[in-house]
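Undergrad: here are the coordinates; sequence isn't available:
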Ligand SMILES: Nc1ncnc2c1ncn2[C@@H]1O[C@H](COP(=O)(O)OP(=O)(O)OP(=O)(O)O)[C@@H](O)[C@H]1O
């Protein structure tokens, strides 16, 4: 059950590059342990919204409160610190979130050090433990991420984000570029990690199957507007808005 105070509280958030391009008047609360899916067709504004939510794009209007602090009234340094510690961002393309010239263990260790860890042996042990948790053989600790398959790179990116035990993780099409069988395994892993770590997640996807599997609640976006929101099963099984009906019927058909 959600706790009383939302982790993230978003009110009337707007950022438009042009009419219908970006997002407009978005409001929602996200509670600890809750997974919110943002769905909609390409160009509907999902990624732009995710960037604003995750302190990477100053919105033109509205406010975001994280644990009751006004996000964009925090200093830039404080927002960057959040992104390195209590928050995570999983990019669609894993190499956008990894340092390709640093070993897998180094990538994980860097985030631990940013959060204050100093002891080399402990950092290495923790990195090795996390590789195992994301189903990468710890013998690959000293290998560069570019020598990994796409699925392994994505699992490494996830490990890098989770090693500091964040409360909130933003994911943009995390299974997007992967083969179907690799996607299924990754989704399974994500679902278990989210549950075990009680993570709150905002996940952008155009794949309603991914949304169904991971998200408790959905926002459906069309041309920058949230046209429908609600519990995932309700939205997908009994869509109210004609656009959601079209999205659902297009994957069934
Ligand atoms: N920096 C920018 N400058 C101008 N327009 C932009 C910029 N970034 C995105 N847009 C436009 O804003 C709209 C929303 O883009 P956005 O990437 O948020 O959509 P999306 O739903 O995430 O799409 P996709 O699933 O294809 O990534 C699009 O029309 C896009 O062309």
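TA: Structure's in. What do you need? Since the model is a prediction, treat every value here as computed from it, not as a measurement.

Undergrad: show the subsequent helix or strand relative to the longest helix that the chain contains.
TA: Ranked by residue count, the top helix of the chain under DSSP state H comes out as helix 180-196. Along the chain past helix 180-196, the next helix or strand (assigned with DSSP states H and E) turns out to be strand 200-204.

Undergrad: so what strands line up beside that next one?
TA: When pairs are called by DSSP bridges, strand 200-204 turns out to pair with strand 35-39 (parallel), strand 168-172 (parallel).

Undergrad: how near is residue 14 to the ligand?
TA: Using C-beta to the nearest ligand atom, to the nearest Å, we find residue 14 at a distance of 13 Å from the ligand. Every C-beta, even on glycine, is put in place using the N, C-alpha and C of the backbone.

Undergrad: confirm that that residue sits in a strand.
TA: Yes. Counting by DSSP: H, G, I helix; E, B strand; the rest coil, residue 14 is located in a strand.

Undergrad: got the contact list for it?
TA: 22-26, 59-62 (C-beta atoms under 8 Å, 6 or more residues apart in numbering).

Undergrad: just give me the closest of these to the ligand.
TA: Nearest to the ligand, judged by C-beta to the nearest ligand atom, of those is residue 22 at 5.3 Å.

Undergrad: now the closest one, what's its secondary structure?
TA: Looking at residue 22 with three-state DSSP, the answer is strand.

Undergrad: how deep is it tucked in, by neighbour count?
TA: A count of neighbours around residue 22, defined by other C-beta atoms under 10 Å, yields 20.

Undergrad: again with residue 237
TA: Residue 237 has 10 nearby residues by other C-beta under 10 Å.

Undergrad: would you mind measuring from it to the ligand?
TA: Remark: distance between residue 237 and the ligand (C-beta to the nearest ligand atom) = 23 Å.

Undergrad: now the residue of the chain most remote from its centre: which helix or strand?
TA: Most distant from the centre of the chain: residue 121, at 29.7 Å, with distances by C-alpha atoms, centre = their mean. Assigned by DSSP H and E, residue 121 belongs to helix 120-133.

Undergrad: surely residue 100 meets residue 144?
TA: Yes. Using C-beta atoms under 8 Å, residue 100 makes contact with residue 144 at a distance of 6.6 Å.

Undergrad: list the contacts for whichever residue of the stretch 151-253 of the chain sits closest to the ligand?
TA: Among the residues of the stretch 151-253 of the chain, residue 206 lies closest to the ligand, at 5.3 Å counting by C-beta to the nearest ligand atom. Residues near residue 206 by C-beta under 8 Å, 6+ apart: 39-42, 46, 173.
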